[in-house]
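Novice: coordinates only, sequence not included:
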């Protein structure tokens, strides 16, 4: 996601505050993280689930891309839970 401006949804900001995740951490994941899921049919903008590491801490960022306004909208940010994700945090575990 190579857009120039990041826009944070209020929900994402609340969770970042609760989870001690900094904006710089999110920016790093958006700029250089790995796309692990692609939600092309999301509305109003297609979005992606990105995986990145800040030091050894894994982070997932759900980001939507508004190409018209050249912005990436940060929808959700969290540290993935090992009980729901594989050891590499790239695939969901099957129920």
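Specialist: Nice, I can see it. A quick note: this is a predicted structure, and the numbers were derived from the prediction, not measured.
Novice: leaving out the residues flanking it, which one is nearest to residue 60?
Specialist: residue 80 (5.1 Å; Cβ to Cβ, 6 or more residues apart in numbering). Where you see a C-beta, it was placed from the backbone N, CA and C, and this is true even at glycine.
Novice: the spatially most central residue of the chain is in what secondary structure piece?
Specialist: Nearest to the mean C-alpha position of the chain, by Cα atoms, centre = their mean, lies residue 61 at 1.0 Å. Per DSSP states H and E: residue 61 is located in strand 57-66.
Novice: partner strands of that strand, with direction?
Specialist: strand 47-54 (antiparallel), strand 71-78 (antiparallel) (DSSP bridges).
Novice: buried ones in that strand?
Specialist: For strand 57-66, the neighbour count (16 or more other Cβ atoms under 10 Å) marks 58-65 as buried.
Novice: contact partners of stretch 79-93?
Specialist: By Cβ atoms under 8 Å, 6 or more residues apart in numbering, the residues outside stretch 79-93 that reach it are 19, 21, 34, 36, 51, 57-60.
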